[in-house]
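Peer 1: Got a predicted structure here, sequence first:
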There are 2 protein chains.
Amino acid sequence: MLTYSFENIGKESIYEYLYKCIKKDIIEGKLATGEHLPSKRTLAVNLGISTITVENSYGQLMSEGYIYSVPKKGYYVADISGVAKIKPVKHEIPRIIVKEQTKYESDLSSNRTDPDSFPFATWAKLMRRVITDKKEALMKISPSEGTYELRRAIANHLASFRDMQVMPEQIVVGAGTEYMYSLLIQLLGRDKVYCVEDPGYSKIARIYASNNVKCCYADMDDEGIKPDAVRQCNADIVHISPTHHYPTGITMPVSRRFELLAWANEQSDRYIIEDDYDSEFRMTGKTIPTMKSIDISEKVIYMNTFSRTLTPTIRISYMVLPPHLAALYHEKLNFYACTVSNFEQYTLASFIEEGYFEKHLNRMRHYYMKQREEVLSVLKEDKYKCVGKVNEADSGLHFILELNTEYTDQEVKQKLEAEGIHINALSEYYHNKAESISHRFVISYSDIVINKFREACNKLIDLKQFE
Amino acid sequence: MLTYSFENIGKESIYEYLYKCIKKDIIEGKLATGEHLPSKRTLAVNLGISTITVENSYGQLMSEGYIYSVPKKGYYVADISGVAKIKPVKHEIPRIIVKEQTKYESDLSSNRTDPDSFPFATWAKLMRRVITDKKEALMKISPSEGTYELRRAIANHLASFRDMQVMPEQIVVGAGTEYMYSLLIQLLGRDKVYCVEDPGYSKIARIYASNNVKCCYADMDDEGIKPDAVRQCNADIVHISPTHHYPTGITMPVSRRFELLAWANEQSDRYIIEDDYDSEFRMTGKTIPTMKSIDISEKVIYMNTFSRTLTPTIRISYMVLPPHLAALYHEKLNFYACTVSNFEQYTLASFIEEGYFEKHLNRMRHYYMKQREEVLSVLKEDKYKCVGKVNEADSGLHFILELNTEYTDQEVKQKLEAEGIHINALSEYYHNKAESISHRFVISYSDIVINKFREACNKLIDLKQFE
């Protein structure tokens, strides 16, 4: 007979306590498979509790499958012998996950932006209005490609800002370009060869690798990715950033663009992914037209993100598909739910349509221009002239600094690291890390504090001579 | 010599207009490769405009690569012969994307929830507070796994609500379970065989297929997925919803759970994905404990989503990884940016931590209970008793109705469709669509209007006899 004491019962109910006691006995084998349990009434009388309580405990044990009932016979212990075949394992929980990132005295590679630059007040106002005015729409499931309102706002923005004539129906919205790449792999095919720029943004290749698709690297010259290199690796899809290549800063001239388009035209399943990640920050003149805008052959997939222009902590990116691919997306992939919440989709749509986005871009362009000028002017000061040569394309949020040093890139990096300065060498962005004594470094200036930069420059001067 | 008229110039600047004219002539071949362009001064005089204007136009053409300059010689037209190799293509833009979904008189398969049930006021209040108080945190890039605040809130919620003791470090937050599946494939391996329940939620298999991983189907009996069937298809990973299977509503008894855990214990790379999608909505008794909570062997990956409990239009899901997989995730996949915006991560964290989530769950549970009782009571009315037999597990937002009819499931569906009623047959959820005369239908009641339901029941009565 089951006997349990209710003396040490805490804030649990008796029903819950009894259920747990019996369950424990079953798991530990004190109550064996097939054993007949006392009737509800008998157990209730025995334990001095109500029949209802026992009934509730038995009921819970039944619904979890620890016991079963046979009509007119009563309750029996179920067979849970599987439990014996389970080996307890206990790994340490990786504490590393909460580790704070190293703080540098001066980080010349950070593309963090000033928190104050985000238009909090406007965003809060629009979010509040969306929540008040759009209850119905907010609760209505967004099409896989994103809400029509946001896609229309993006299409209008592209028309006025990028001179691109696209329909909202060609646009797919998603939670970050990284996620979009995995969608593109599903759309274009996992059997294709994806070609990336070398040097380039290493994450792109990493994402292709993590998705187990073939990824090849094509060399660049001073006009961008080399079509010969693309051919040599039998690529099907070329992934490039022609407006402003990261990290070299190269703008691909139109002749090279047409060459690549011609390459894509040779086969029906060749495509070009145009990653236009920081085109908004061209500092002088008009922005460089996109490849998409000269693509008359439905070969270019245009991608961009609001993470770069607003804040990386808002995850909204989009791609513009050629019409036939938009149709294919709808057929093959529209079973996926859109990954961006309606609340942010509608807020961003208002932000764009009411002109706030354009204002924000202008403000940020001025902010970055000023920041850039200040950083560059330090390098023009008599004292710091000797540091190195600046290589820049009046665009984007970084430039190349060719240091006046005889140390290898790795040595420079280590020496500066010891001084609390973080810097990335251009050579780090190469898949084939051949150019490790190029002395060229990528300076991301959006987060640089000028005084700290002067101090960093003093350390850079020290690199001129061997000790 | 270039001659352009500025008569029809619109609101463009002269510089922009001139740049466009020259560009057009180059693309159309009117200006041939290598052709020498007039000097800035000559062209300026000739067109009666300023030299600066010509300089700006030439500058833009240079940066786009339509022309190039040779020191002391002047400007030349670049080679864009690639343009000739591009075949214009123009597909229709798929209008289907904006098509409205069919409206039914009565939809017995919709799991839409009443827009009024979302706690707009609280959400707006918390969002506003987050934007005011957490500017710094909002702009700080979230760890790949999600902000610590949200993961801690989820861990606390799981402890008090699901009796699960997990560390925030084991939790990964992402924009929807669908996205999480693709992360799991990258984590566990694309060469593995993923096994799903048959019948089951078809989207899961579709996602595995779209990710090109082997997906097999295992039969179920009345205790859930059959371990024999799992073995037969050489599965490595089993994807199940043991608390409340969709669509059958089966709760897997503990004996079967231990059997599956024992199966997973036989090989080091076998895992169980436990999709706990609607466990919050068990109407009577305690919630059924998760498999995760009895997993002492680090074999269970627990998944759940706030899309089900809050609104499908907020995309926040999470998974709880066993410690060694959390470490592997951190090593292999933490280069991915978290797909949920900080704004919503912090708002949700407050929503949970300040007790609003629990309140919301209680409110929704009552709401659904009432809704469920009303729907079921209609089926108990004298007039509608004859409609069929209800099969339900006091849990989740749907039940099975076994119709009193001799028509095939497909015929029932079509006949009701003609009356403006949408209903899904259980047989539709089978991969092997064998049971097409089971007469069992899945009724999702969260969005049912009672009067409409009575009308629908009248039509269901008509199905009793052949015409």
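Peer 2: Noted; the coordinates are in hand.
Peer 1: going forward, measure contacts between C-alpha atoms and count neighbours the same way
Peer 2: Noted.
Peer 1: Would you mind naming what in the stretch 151-300 of chain A lies close to chain B?
Peer 2: Counting by Cα under 8 Å from any Cα of the partner chain, the positions of the stretch 151-300 of chain A adjacent to chain B are A:167, A:169-170, A:175-176, A:178-179, A:186, A:190, A:203, A:210-212, A:251-256, A:258-262, A:265, A:285-286, A:288-289, A:296-298.
Peer 1: give me the low-pLDDT residue ranges for the stretch 151-300 of chain A?
Peer 2: Counting by pLDDT under 70, the stretch 151-300 of chain A contains low-confidence ranges at A:285.
Peer 1: For it, just list every one of the strands.
Peer 2: Remark: strands assigned in the stretch 151-300 of chain A by DSSP state E, counting those that start in this stretch are A:171-174, A:193-198, A:214-221, A:224-225, A:237-240, A:271-275, A:300-305.
Peer 1: Show residues contacting the fifth one.
Peer 2: With contacts defined as Cα atoms under 8 Å, 6 or more residues apart in numbering or on different chains, strand A:237-240 is touched by A:192-197, A:225, A:230, A:270-275.
Peer 1: How about the fourth one?
Peer 2: Counting by Cα under 8 Å, 6+ apart, the neighbours of strand A:224-225 from elsewhere in the structure are A:Glu197, A:Asp198, A:Ala218, A:Asp219, A:Ile240, A:Pro242, A:His245, A:Ile250, A:Thr251, A:Met252, A:Arg256.
Peer 1: Kindly export stretch A:145-157 (C-alpha atoms) in CSV.
Peer 2: In CSV, the C-alpha atoms belonging to stretch A:145-157 read as follows (Å, rounded to 0.1, in the frame of the first residue of the first chain):
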residue,chain,number,x,y,z
GLU,A,145,7.3,38.5,-48.9
GLY,A,146,6.3,41.2,-46.4
THR,A,147,3.4,43.6,-46.0
TYR,A,148,2.4,45.4,-49.2
GLU,A,149,2.7,48.7,-47.4
LEU,A,150,6.3,48.3,-46.6
ARG,A,151,7.2,46.9,-50.0
ARG,A,152,5.4,49.8,-51.7
ALA,A,153,7.3,52.2,-49.4
ILE,A,154,10.6,50.5,-50.4
ALA,A,155,9.7,50.6,-54.1
ASN,A,156,9.0,54.3,-53.9
HIS,A,157,12.2,54.9,-52.0
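Peer 1: Next, the buried residues of it.
Peer 2: Buried residues in stretch A:145-157, counted by 16 or more other Cα atoms under 10 Å in any protein chain shown: A:145-157.
Peer 1: As TSV, those with distance to A:Tyr356 would be great.
Peer 2: Putting these into TSV (distance: Cα to Cα, whole Å) gives the following:
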residue	distance to A:Tyr356
A:Glu145	23
A:Gly146	21
A:Thr147	19
A:Tyr148	19
A:Glu149	16
A:Leu150	14
A:Arg151	16
A:Arg152	16
A:Ala153	12
A:Ile154	13
A:Ala155	16
A:Asn156	14
A:His157	11
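Peer 1: In helices, which of these fall?
Peer 2: Judged by DSSP state H, the subset of the buried residues of stretch A:145-157 located in helices is A:Tyr148, A:Glu149, A:Leu150, A:Arg151, A:Arg152, A:Ala153, A:Ile154, A:Ala155, A:Asn156, A:His157.
Peer 1: surely the second one meets A:Tyr346?
Peer 2: Yes: shown here, A:Glu149 and A:Tyr346 form a contact pair, counting by Cα atoms under 8 Å, at 7.1 Å.
Peer 1: What are the boundaries of the helices in the stretch 301-450 of chain A?
Peer 2: When assigned using DSSP state H, counting those that start in this stretch, the helices of the stretch 301-450 of chain A occupy the ranges A:306-309, A:323-332, A:342-353, A:356-380, A:409-418, A:450-462.
Peer 1: looking at these, which is buried most?
Peer 2: Using mean count of other Cα atoms under 10 Å in any protein chain shown, the stretch among the helices of the stretch 301-450 of chain A with the greatest mean number of neighbours is helix A:342-353 (a mean of 22).
Peer 1: Point me to the residue sitting farthest from the middle of chain A.
Peer 2: No residue in chain A has its C-alpha farther from the mean C-alpha position than A:Val45, which lies at 61.6 Å (Cα atoms, centre = their mean).
Peer 1: confidence score at that one?
Peer 2: At A:Val45 the predicted local confidence, pLDDT, stands at 93.
Peer 1: who touches the closest residue in space to A:Asn404 that isn't next to it in sequence in this structure?
Peer 2: Spatial nearest neighbour of A:Asn404, chain neighbours left out: A:Gly388 (4.8 Å); criterion: Cα to Cα, 6 or more residues apart in numbering or on different chains. A:Gly388 is in contact with A:Leu379, A:Leu401, A:Glu402, A:Leu403, A:Asn404, counting by Cα under 8 Å, 6+ apart.
Peer 1: which residues touch the last one?
Peer 2: Meaning A:Asn404. With contact taken as Cα under 8 Å, 6+ apart, A:Asn404 is in contact with A:Cys386, A:Val387, A:Gly388, A:Lys389, A:His439, A:Leu463, A:Lys464.
Peer 1: now these as CSV including distance to B:Met62 and pLDDT?
Peer 2: Listed next are the contacts of A:Asn404 as CSV, based on distance: Cα to Cα, whole Å; pLDDT from 0 to 100:
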residue, distance to B:Met62, pLDDT
A:Cys386, 30, 87
A:Val387, 30, 86
A:Gly388, 26, 88
A:Lys389, 23, 89
A:His439, 28, 87
A:Leu463, 36, 79
A:Lys464, 35, 73
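Peer 1: Now tabulate those in CSV and tack on distance to B:Gly65.
Peer 2: Below are the contacts of A:Asn404 laid out as CSV (distance: Cα to Cα, whole Å):
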residue, distance to B:Gly65
A:Cys386, 32
A:Val387, 31
A:Gly388, 28
A:Lys389, 24
A:His439, 28
A:Leu463, 37
A:Lys464, 36
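Peer 1: Of the residues you listed, keep whichever come out buried.
Peer 2: With burial judged by 16+ other Cα under 10 Å, the buried subset of the contacts of A:Asn404 is A:Cys386, A:Val387, A:Gly388, A:His439, A:Leu463, A:Lys464.
Peer 1: was I right about the fifth one contacting A:Thr405?
Peer 2: In this case it means A:Leu463. Yes: with contact taken as Cα under 8 Å, A:Leu463 and A:Thr405 are classed as touching, separated by 5.7 Å.
Peer 1: My read is that A:His36 contacts A:Ser69, right?
Peer 2: No: at 9.6 Å, A:His36 does not count as touching A:Ser69 under the criterion of Cα under 8 Å.
Peer 1: so what sits against both of these two?
Peer 2: Both A:His36 and A:Ser69 are contacted by A:Tyr75, A:Tyr76, under the criterion Cα under 8 Å, 6+ apart.
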